[in-house]
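> pasting the sequence and the predicted coordinates here, then a few questions.
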Amino acid sequence: MMPISAHILMIAGLSASMATAQDAWELVWEDEFEGTTLDAGNWSAQTGNGTAYGLPAGWGNNELQYYTNFSENIVVSDGTLKIIARERSFGGSNYTSARIRSLNKQEFLYGRIEARIKLPSTPGIWPAFWMLPTDSPYGTWAASGEIDIMESVNYADRIYGTLHYGSTWPNNTHAGPRLEDGTDFSDDFHVYRVDWDPDQITWYVDGVPYGSRSSSQWFSSADTGNPRAPFDTEFHLLLNVAVGGNFPGNPNGSSVFPQTMEVDYVRAYSRTQLPYPGDPHPIPGTIQAEDFDLGGQGQSYFDCDPENNGGEYRDSGVDIEVATEEGFNIGWMCEDEWLEYTVDVQNAGTYDLDVRVASVGTGGGFSIEKDGVDLTGTVYFLPTGGWQTWQTVSTTLELEAGEQVLRFVNQGAFDTQYNLNSMTFTSQGPTPCSDADLAAPFGELNFFDVSAFLTGFNAQDPAADLNNDGSFDFFDVSSFLTTYNAGCP
């Protein structure tokens, strides 16, 4: 096994490349705003003063604009989208602007959502990049939630990220971070983003996080037993520029129009499950428990709470702490937790599995699964007398050759907790597919098996005594040929 010092040196050597790998994402959708018109496969325009959508005039916020789909308010040119707010009387309002959404076109549940935007700046202006639930399963706003990725008001000198949740209006609540670092966000483009995981939402500007909220900090009164509600259903995107309203206040004598929010792109990513720290774990070999796959909650792992309560090694929701052996361990495994590991099995066959565990007073149980199939059955163990008092628990399992994902599943009851440090897989040898499969590569019959039989027959090797009668004669040859011609099952 790797000594602690070597394990620490390996961690240090991962450097910035591993910071990137830890943050593994796959682009699943984008709009680069090429061409000269808004892509109808991605967006539709909402128009009017809000009453057509069941809202009070002013879109529920006492806003002053009338949203249109006119080319003077929505422009796609030179690779960007421009949403332009103008001082113009129309539809009973003194201002026109635009509001577009991806409802029933592009919808998302979890992932990274970002846009590169240059903001407007003047008293009374209110640009936003945000998300609303598609089906509102927990009730009308805001019981089913709202995710504001970016809002700015007036002089674009601060950025707001906000969650709306709780009960239906007016008994709803909201919370989120604010970025105010002296930047004038109207001077240039900036990338506004959220990383939306089942138990945490984090806001970023230009790749730098400035705040987050966990599922312990939000709720929906319609489903109080579900800590992830209301942010566990599909949401769609919105981009708009409002004028006036409760948040910014109304334009004044110093306000200047027109005002433009220019959008370079909008992109959505999903988390990618990849082996950590870069390559599949070879089997036979030892896998450190903390080296579970990259990916989010419910994808490469499931943990009882969203925080790394051990505070060590990796930025994830899994509890990892310093161990008294092998560097680190997964801490306080509780009911229904699991971890996945991408492995590369060198040869199919039977393997001994030795698992290092520690538990103060409850003991526990686990199993190993592949594609939902239990490979080991539940393996139970007794208390070890301490969180760092390690013991080896052993079992066996059959593995196919090649790259695959194995899942370590905690089978302990609700009142059991234990620590997990490592898993060591040792081959019992390849499993022949039949009595005629006498030579590698096992699992197929070929010339090497014929050669091995003839060599063993001439040397009177017991492996060539297929009749198990202690003699080497025509009947062994006949049995070999019959079995060989039958092939592998």
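Nice, I can see it.
> so who does the nearest residue to Gly456 once chain neighbours are set aside touch?
Nearest residue to Gly456, sequence neighbours excluded (C-beta to C-beta, 6 or more residues apart in numbering): Ala464, at 3.5 Å. Placement of C-beta: from N, CA and C, glycine included. By C-beta atoms under 8 Å, 6 or more residues apart in numbering, Ala464 lies in contact with Leu438, Phe453, Gly456, Phe457, Phe472, Asp476, Phe480.
> number of residues surrounding the second one?
The one in question is Phe453. Counted by other C-beta atoms under 10 Å, the residues lying close to Phe453 total 24.
> what helix or strand does it sit in?
Per DSSP states H and E: Phe453 is located in helix 447-458.
> before we move on, the earlier item: now flag whichever of the contacts of Ala464 is closest to Gly365.
Nearest to Gly365, judged by C-beta to C-beta, of the contacts of Ala464 is Leu438 at 39.1 Å.
> how close does the closest one get to Asp461?
Separation of Leu438 from Asp461 (C-beta to C-beta, to the nearest Å) stands at 9 Å.
> in terms of secondary structure, what does the helix or strand encompassing Ser212 contact?
Using DSSP H and E, Ser212 falls within strand 208-214. Judged by 3 or more C-beta pairs under 8 Å, 6 or more residues apart in numbering; DSSP states H and E, the packing partners of strand 208-214 are strand 159-166, strand 178-179, strand 200-205.
> possible to save the ones you listed as CSV with mean neighbour count?
Compiled in CSV, the helices and strands packed on strand 208-214 are given as follows (neighbours: other C-beta atoms under 10 Å):
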stretch, mean neighbour count
strand 159-166, 22
strand 178-179, 16
strand 200-205, 21
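> of all those strands, which one comes closest to Ser214?
Nearest to Ser214 among those is strand 200-205; the distance by C-beta to C-beta comes to 4.9 Å.
> pull the CA atoms of that closest one into CSV?
Presented in CSV, the C-alpha positions along strand 200-205 are these (Å, rounded to 0.1, in the frame of the first residue of the first chain):
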residue,chain,number,x,y,z
GLN,A,200,-26.3,23.6,-3.8
ILE,A,201,-26.5,26.5,-6.1
THR,A,202,-23.4,28.7,-6.6
TRP,A,203,-23.1,32.0,-8.4
TYR,A,204,-20.0,33.1,-10.4
VAL,A,205,-18.8,36.2,-12.3
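> ok so, going back, mind listing what's buried along the strand holding Ser212?
Buried residues in strand 208-214, defined by neighbour count with 16 or more other C-beta atoms under 10 Å: Tyr210, Gly211, Ser212, Arg213, Ser214.
> cool, stretch 139-158 as well?
Within stretch 139-158, the residues that qualify as buried are 139, 141-158, counting by 16+ other C-beta under 10 Å.
> those in strands, which ones?
Among the buried residues of stretch 139-158, the members falling in strands (DSSP state E) are Glu146, Ile147, Asp148, Ile149, Met150, Glu151.
> ok, the closest residue to the third one other than its chain neighbours to Ile83 distance?
Excluding the flanking residues, the one nearest Asp148 by C-beta to C-beta, 6+ apart is Thr162, at 4.1 Å. For Thr162, the distance to Ile83 equals 20 Å [C-beta to C-beta].
> same deal with Gly124?
As for Gly124, its distance to Ile83 is 16 Å (criterion: C-beta to C-beta).
> circling back: tell me how far the residue nearest to Gly456 lies from Asn73.
On the measure of C-beta to C-beta, Ala464 and Asn73 end up 86 Å apart.
> do the same with Ser212
Per C-beta to C-beta, Ser212 is found 34 Å from Asn73.
> for Asn309, same thing?
50 Å.
> now do Leu274
Counting by C-beta to C-beta, the separation of Leu274 from Asn73 is 43 Å.
> again with Asn347
65 Å.
> show me where the chain has helices.
In the chain, the helices defined using DSSP state H lie at 4-22, 447-458, 474-486.
> mind listing residues that contact the last one?
Same thing as helix 474-486. By C-beta under 8 Å, 6+ apart, the residues outside helix 474-486 that reach it are 434-436, 445, 449-450, 453, 457, 464-467, 469.
> buried stuff in that helix?
For helix 474-486, the neighbour count (16+ other C-beta under 10 Å) marks Asp476, Ser479, Phe480, Thr483, Tyr484 as buried.
> could you give the angle of it to helix 447-458?
170 degrees (axes from the mean of the first three to the mean of the last three C-alpha atoms, to 10 degrees).
> so how far is helix 474-486 from its chain's centroid?
Relative to its chain's centre, helix 474-486 lies at 54 Å (C-alpha atoms, centre = their mean, to the nearest Å).
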